[in-house]
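*Asks:* Just need the structure, nothing else, for what follows:
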Amino acid sequence: MTELSYPDDLRYTTDHEWVRSEGDTVRIGITAFAQDALGDVVYVSLPAVGDSLAVGDSCGEVESTKSVSDIYAPLAGEVTAVNEALDGAPELINTDPYGEGWMFEMRLENATAADDLMGAAEYQASLTS
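*Replies:* The predicted structure follows:
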């Protein structure tokens, strides 16, 4: 089994999502742990650009050969972009979860809200507890 990685420049949620701050927006995807647990991803449903999301809103699904899992909004804000490449290549979530496998971007209601999420070390510790 390959070693799962958790980049230090990201923030993490207990729902196994990662958040990367990019100016006044954030990019969101699922962690290596989540994609590994799901297995081969075969379909992704994402929120629509313009959707307004509250923390914890179910805003999409990831379907794999093993199961279907909801995607939850880790922060409140407006969806500004979705990764349309996932329509034709959902396996990008497995092969590059922190790069080409990103899911959607949001403009946050509170620009510093991501600071309250877990850092990489804290997230990794939560996986073993």
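
*Asks:* Name the nearest residue to the residue most central in space within the chain, ignoring sequence neighbours.
*Replies:* In the chain, the residue lying closest to the centroid (CA atoms, centre = their mean) is G29, at 2.1 Å. Leaving aside its sequence neighbours, G29 sits nearest to W102 (CB to CB, 6 or more residues apart in numbering; 4.4 Å). Where you see a C-beta, it was placed from the backbone N, CA and C, and this is true even at glycine.

*Asks:* give me the element the one you found is part of.
*Replies:* Following DSSP states H and E, one finds W102 outside all helices and strands.

*Asks:* State the number of residues packed around it.
*Replies:* Residues within reach of W102, counting by other CB atoms under 10 Å, total 22.

*Asks:* again with E105
*Replies:* So E105, with other CB under 10 Å, has 19 neighbours.

*Asks:* Mind pulling the model confidence for it?
*Replies:* Looking at E105, its pLDDT reads 98.

*Asks:* Y98 against W18, yeah?
*Replies:* Yes - counting by CB atoms under 8 Å, W18 is a contact partner of Y98 at 6.6 Å.

*Asks:* shared neighbours of the two, anything?
*Replies:* P7, L10, G29 (CB atoms under 8 Å, 6 or more residues apart in numbering).

*Asks:* need the contact list for the first one.
*Replies:* Contact partners of P7, counting by CB under 8 Å, 6+ apart, are W18, Y98, A120.

*Asks:* so the residue nearest to the last one when sequence neighbours are not counted, which of the three states?
*Replies:* Which is A120. Distances taken as CB to CB, 6+ apart place Y6 nearest to A120, at 4.4 Å, with adjacent residues excluded. What DSSP: H, G, I helix; E, B strand; the rest coil gives for Y6 is coil.
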